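A.B. asks: Below is the sequence, then the predicted model.
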Amino acid sequence: MNVTRVFAALTPVMLLSSVIFAQGSGPALTLEEAIRTAFEKNPGIKVEAYAPGIARARWLEAIGQFDPALTFGRSYAEDGKPASADPLVRSLDETDSYSLAIQGMVPWGLSYSLSGNADNHRGTSNHFTDSYSTFGGITVTQPLLRGFGFGANLAGIRIAKADRSISEWDYRQTVIDTITNVVTAYSNLVLAHDQLRIARSSHDLAATLLGENEKRLRIGSMAQSDVTAARTQAAMREEPILIAERAVRNAENVLRELMGETSFSPSQPPLAIETPVPPEVTVDPAADLQKAFLNRPDYQAARLGIVKNRASDAAARNGLLPQVDFIGGYGYNGLDRHFAASRHMVAEGENRSYSAGVVVTIPFTFAQERGRARAARLQLEQAEADLKRIEADIAVSVANAAGQIETARQRMSADQAALDLAHQALEDEVKKLRAGTPGTSTLSVIQAQQILISIENSMAGAQAAQRLAVANYDHELGTTLQRYHVVLDGP
């Protein structure tokens, strides 16, 4: 049976409450707007966006090895040499050569050349009469062992294709990481505002107590020491406000940088933000683990890494074989004083020409090939073992992320109960102090205020932990993009 836990009643679309911090000017920056801005302007995303295009170009380069090529050649040669020494007689030969061929290679290793050529030999021996020698036909070279088959010849394409997919998953990972960082930075900014609000509220409590004590001192119902204690507390609570204000600015700068800003002037108006409410989350351990395997870019990239290693291993194992190549050709020849007539002989197939043979090359030691094959096999085994490690790491991280959600929910419940009691305790101490109840003093009120302040800070931390637990859970499952409706090209 699946274990299901649900908290936060809002749907993923209704992520934001209506609480707006008044420090900013203009419309409040929502979390979705911050994410959209970061997606458009974050430098890391912009840089990584080039990688898929580069990888696709590399894949195109790899498949280009099987593109046929058209080759045309034209040359002229002149050869003058003595025909006899005494008396000295010189001979001269001239040759015009023309060639046209379509050459290429097919995925199982066959190299071919479909060609036609013509040579016009003239010289002293034939009184410089044209003599056209023509040929038209095909020549092939087919590896029979090493270099034969798809595994040996498609390794580069398979690796480039895997790299193309890996680059797309890496880009997705960059976007997921950036969005998660934006959610974290936005939540930290909310927490900083909460802590600033609590620090100011704490100071207001101390100031109110000081004012009441001063009134009681003037009518003689309170000692000077109580006024001094209240004044000390009011002075001590100035510093947390300054620290909290600085923390708000620092948190803003982190968020602005993620959104692509490059200027962080102290005179910039503070951001107005809203308090995001964590979306509804249902934890299903078995289904979530499968979802993580399906959506996590690091896992998919690791699986594609195995595909690359398998391609390299297949090519390396093929390299252990001897080089045995079949070489053959078939065509027709023509010879005439006129080019058209010579070409006609070829077209009519009057003078057949063919050849066939085998070339064998065997290295003495195969040391280079054996080393390459051994390394490829070990790298494949390493990648397969590393995939199992990644699977275990993902299982742990998903389980821990689910536990953080439950712990955050429990923290919220516990801190809320403690906060209610702390408010009641402070209210009781204030009433007793105002009524002059024996045994109650300014220190009792101060202590109750400090307890309340501490619990309020814990409550703010629990709220932040709840928001971050959901962000981390989405990150571990690889579902961050689905959560915020971000659509990418690719996997």
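C.D. replies: Received it, and whenever you're ready, just let me know what you need.
A.B. asks: gap between residue 274 and residue 477?
C.D. replies: Residue 274 is 25 Å from residue 477, where distance means CB to CB, to the nearest Å. C-beta coordinates here come from the backbone N, C-alpha and C atoms, glycine included.
A.B. asks: let me redo that: residue 484
C.D. replies: Distance from residue 484 to residue 477, by CB to CB: 14 Å.
A.B. asks: Ok, residue 153 next?
C.D. replies: Distance, residue 153 to residue 477, by CB to CB: 40 Å.
A.B. asks: that older thread, settle it for me: which of residue 274 and residue 477 has more neighbours?
C.D. replies: Counting neighbours by other CB atoms under 10 Å for residue 274 and for residue 477 shows that residue 477 has the greater number, 24 against 20.
A.B. asks: In contact with the spatially closest residue to that one that is not a sequence neighbour, which residues?
C.D. replies: Of all residues not flanking residue 477 in the chain, residue 292 sits nearest, at 4.8 Å (CB to CB, 6 or more residues apart in numbering). Contact partners of residue 292, counting by CB atoms under 8 Å, 6 or more residues apart in numbering, are 299, 394, 398, 476, 477, 478.
A.B. asks: quick one: which of those residues is nearest residue 133?
C.D. replies: Distance to residue 133 across the contacts of residue 292 (CB to CB) is lowest for residue 299, with 64.4 Å.
A.B. asks: these two touch, right, residue 426 and residue 450?
C.D. replies: No - shown here, residue 426 and residue 450 do not form a contact pair, counting by CB atoms under 8 Å, at 9.7 Å.
A.B. asks: Which stretches in the protein count as helices?
C.D. replies: Here the chain has its helices, by DSSP state H, at 31-41, 43-48, 50-63, 150-153, 155-218, 224-236, 239-258, 285-295, 297-318, 339-348, 367-435, 442-477, 480-483.
A.B. asks: Mind giving me the packing neighbours of the longest one?
C.D. replies: For helix 367-435, the packing partners by 3 or more CB pairs under 8 Å, 6 or more residues apart in numbering; DSSP states H and E come out as helix 285-295, helix 297-318, helix 442-477.
A.B. asks: Minimum distance to residue 207: which of those has it?
C.D. replies: helix 442-477 (11.3 Å).
A.B. asks: quick one, the closest one and helix 239-258 angle?
C.D. replies: Angle, helix 442-477 to helix 239-258, by axes from the mean of the first three to the mean of the last three CA atoms, to 10 degrees: 10 degrees.
A.B. asks: Any buried residues in helix 442-477, and which?
C.D. replies: Buried residues in helix 442-477, counting neighbours by 16 or more other CB atoms under 10 Å, are found at 442, 444-446, 448-453, 455-457, 459-460, 462-477.
A.B. asks: now swap in stretch 235-250 and tell me
C.D. replies: By 16+ other CB under 10 Å, the buried positions in stretch 235-250 come out as 237, 240, 241, 244, 245, 247, 248.
A.B. asks: Likewise for stretch 321-336?
C.D. replies: Buried residues in stretch 321-336, counted by 16+ other CB under 10 Å: 321, 324, 325, 329, 331, 332, 333, 334, 335, 336.
A.B. asks: OK, contacts around the closest residue to the fifth one other than its chain neighbours?
C.D. replies: Meaning residue 331. Once flanking residues are discounted, residue 331 sits nearest to residue 137: 1.6 Å by CB to CB, 6+ apart. By CB under 8 Å, 6+ apart, residue 137 lies in contact with 114, 115, 116, 329, 330, 331, 332, 353.
A.B. asks: Mind picking the one among the residues you listed that's closest to residue 365?
C.D. replies: residue 329 (33.3 Å).
A.B. asks: Run a quick check on the closest one versus residue 357, I expect a contact.
C.D. replies: No - the criterion here is CB under 8 Å, and residue 329 misses it with residue 357 at 9.6 Å.
A.B. asks: can you list the domain ranges for the protein.
C.D. replies: What automatic domain parsing lists as the domains of the chain is 6-60+157-311+375-483, 110-146+323-361.
A.B. asks: Would you tell me which one of the ones you listed is buried the most?
C.D. replies: domain 6-60+157-311+375-483 (a mean of 17; mean count of other CB atoms under 10 Å).
A.B. asks: just how off-centre is that domain within its chain?
C.D. replies: Centroid displacement of domain 6-60+157-311+375-483 relative to its chain, using CA atoms, centre = their mean, to the nearest Å, is 23 Å.
A.B. asks: if I look at residue 435, how far off is residue 214?
C.D. replies: Counting by CB to CB, the gap from residue 435 to residue 214 is 18 Å.
A.B. asks: do you know how far residue 152 is from residue 350?
C.D. replies: Residue 152 is 40 Å from residue 350, by CB to CB.
A.B. asks: Kindly report the same for residue 370.
C.D. replies: From residue 370 over to residue 350 (counting by CB to CB), the distance is 52 Å.
A.B. asks: Next, name the residue at the spatial heart of the protein.
C.D. replies: The residue lying closest to the centre of the chain (CA atoms, centre = their mean) is residue 170, at 2.1 Å.
A.B. asks: is it true that that one touches residue 304?
C.D. replies: No - at 10.3 Å, residue 170 does not count as touching residue 304 under the criterion of CB under 8 Å.
A.B. asks: for this protein, which spans come out with low pLDDT?
C.D. replies: 1-26, 83-89, 490-491 (pLDDT under 70).
A.B. asks: 50 instead, please
C.D. replies: 1-24, 491 (pLDDT under 50).
A.B. asks: Which one of the contacts of residue 137 is nearest to residue 415?
C.D. replies: Checking those against residue 415 with CB to CB, the nearest one is residue 114 at 81.0 Å.
A.B. asks: ok, what's across the strand from that closest one?
C.D. replies: residue 102, residue 138 (DSSP bridges).
A.B. asks: what sits against it?
C.D. replies: Counting by CB under 8 Å, 6+ apart, residue 114 touches 101, 102, 103, 137, 138.
A.B. asks: Next, format those as TSV and append distance to residue 420.
C.D. replies: Shown next, in TSV, are the contacts of residue 114 (distance: CB to CB, whole Å):
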residue	distance to residue 420
101	90
102	86
103	85
137	96
138	91
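A.B. asks: Could you point out which of those is nearest to residue 48?
C.D. replies: Proximity of these to residue 48 (CB to CB) peaks at residue 103, which lies at 39.3 Å.
A.B. asks: To residue 79, which of the domains of the chain lies closest?
C.D. replies: Of all these, domain 110-146+323-361 sits nearest to residue 79, with 8.0 Å by CB to CB.
A.B. asks: Straight-line length of the closest one, end to end?
C.D. replies: Criterion CA to CA, to the nearest Å; first-to-last residue distance in domain 110-146+323-361 is 17 Å.
A.B. asks: Now render the contacts of residue 292 as JSON lines, adding distance to residue 189.
C.D. replies: Output for the contacts of residue 292, formatted as JSON lines (distance: CB to CB, whole Å):
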{"residue": "299", "distance to residue 189": "32"}
{"residue": "394", "distance to residue 189": "30"}
{"residue": "398", "distance to residue 189": "28"}
{"residue": "476", "distance to residue 189": "23"}
{"residue": "477", "distance to residue 189": "25"}
{"residue": "478", "distance to residue 189": "25"}
